[in-house]
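Asks: Below are the sequence and a predicted model for it; my questions follow.
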Amino acid sequence: MAETRQKVLLLRHTYNPDEVVALGARLCYAQADVETLRERISRKDQAAFIAGVMARGHLSVIEHATFTFAIEGVSRALLAQITRHRIASFSVQSQRYVSMKGFDYVVPPAIAALGGEARARFAQQMETIGAWYEEWQRLLGDAGERSNEDARFVLPNACATRMVVTMNARELLHFFSLRCCQRAQWEIRALAWEMLRLCRQAAPEIFAQAGPACVRGACAEGKASCGRMEEMRRRVAALGNTEEPEVEGE
Ligand SMILES: Cc1cc2nc3c(=O)[nH]c(=O)nc-3n(C[C@H](O)[C@H](O)[C@H](O)COP(=O)(O)OP(=O)(O)OC[C@H]3O[C@@H](n4cnc5c(N)ncnc54)[C@H](O)[C@@H]3O)c2cc1C
């Protein structure tokens, strides 16, 4: 049993996602055939076409781009939240087919911040739950899947899991609006920002304005607003800092 940390990989995405989406956007309003459009759409045009359809709310166009992530070292508490997003596809490690004996677990930063003694106490509690789990496996006959499926009822939300998740770009934009927001719980928020960073590298135009709602306009949280809109905007802007800035007037 050990403490574990979040790990996110962008396994696959639509080849040239910005180009595919820009082509879809342009095709709706052009007489030219696909080959001609492909030749005509330069990188600069891609940005304009994508920004145009998004500004008009013509968001079905960005559904053409999909992104598949491998996520591990996250808690079952996070799993309960991310699976609420219905326009996503999930494959999650089973607690029936896979024994959770010696399970890894996630320690909330606020508990870790209490210091070594609190951390050790949390680890001890996980050991105790691990012992309960094994006790139930034994009492249920150590019968693999049949004992795991009931022994797991004593497992904690901290128990780590892994999954493969696929979302299209439209769902990702929605997910980032909700889950990059300071109102979202810390673990899914950290995951959302890392997914956004990876998406931004793969498709800078589609995700140019992605992030919490306040990045694009007023905060959607009303009285519950964190008031940190400027910080959020700077954070999103910094995600694009890998590119050379354009120098004008020289
Ligand atoms: C800060 C925060 C706190 C939360 N607290 C709670 C809580 O206390 N309790 C709780 O139960 N949940 C809670 N949630 C989860 C929340 O209610 C949503 O279930 C979750 O965020 C998924 O959002 P969604 O339904 O918009 O997205 P998705 O399921 O990803 O769907 C995307 C969009 O598709 C459309 N759509 C999808 N399915 C349908 C449908 N059947 N009919 C019509 N349109 C559809 C909607 O426009 C939807 O916004 C919380 C979420 C956040 C961000």
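Replies: Everything's here; your move.

Asks: Longest helix in this protein, please.
Replies: If you go by DSSP state H, the chain has its longest helix at helix 116-139.

Asks: Ignoring the adjacent residues along the chain, who's closest to the residue nearest the centre of the chain?
Replies: In the chain, the centroid-proximal residue (CA atoms, centre = their mean) is Ala192; its distance is 3.9 Å. In this structure, Ala192 finds its nearest non-sequential neighbour in Arg179, 3.7 Å apart by CB to CB, 6 or more residues apart in numbering. Quick note: C-beta positions are derived from backbone N, CA and C, even for glycine.

Asks: quick check: domain ranges of this structure?
Replies: Domain assignment for the chain, taken from automatic domain parsing, gives 7-91+161-237, 96-158.

Asks: now check the first one, is it near the ligand?
Replies: Yes: judged by CB under 6 Å from any ligand atom, domain 7-91+161-237 and the ligand are in contact via 84-87, 171, 174, 178, 183-184.

Asks: Okay, now that domain: how far is its last residue from its first?
Replies: Chord length of domain 7-91+161-237, first to last residue, is 23 Å (CA to CA, to the nearest Å).

Asks: Pretty sure the residue nearest to Ala192 sits against Ala190.
Replies: No: the criterion here is CB atoms under 8 Å, and Arg179 misses it with Ala190 at 9.6 Å.

Asks: Out of those two, name the residue with the larger neighbour count.
Replies: A direct count of neighbours by other CB atoms under 10 Å for Arg179 and Ala190 places Arg179 higher, at 22 against 19.

Asks: Relative to Asp45, how far out is Val74?
Replies: Val74 sits 39 Å away from Asp45, going by CB to CB, to the nearest Å.

Asks: Which residues in stretch 225-235 does the neighbour count mark as buried?
Replies: Across stretch 225-235, burial judged by 16 or more other CB atoms under 10 Å covers 229, 232, 235.

Asks: Could you pull out the strands in this structure for me?
Replies: Applying DSSP state E to the chain gives strands spanning 7-13, 66-75, 88-92, 160-168.

Asks: So for Val34, which of those sits nearest?
Replies: strand 66-75 (20.0 Å; CB to CB).

Asks: who does the closest one touch, helix- and strand-wise?
Replies: Under the contact criterion of 3 or more CB pairs under 8 Å, 6 or more residues apart in numbering; DSSP states H and E, strand 66-75 touches strand 7-13, strand 160-168, helix 169-179, helix 186-202.

Asks: re the thing from before, the buried residues of stretch 225-235 in helices, which ones?
Replies: 229, 232, 235.

Asks: Please name the residues that touch Pro109.
Replies: Trp186 (CB atoms under 8 Å, 6 or more residues apart in numbering).

Asks: rerun that using 10 Å as the cut-off
Replies: 186-187, 190 (CB atoms under 10 Å, 6 or more residues apart in numbering).

Asks: you'd agree Ala51 is up against Phe207?
Replies: No: here Ala51 lies out of contact with Phe207, judged by CB atoms under 10 Å, at a distance of 11.8 Å.
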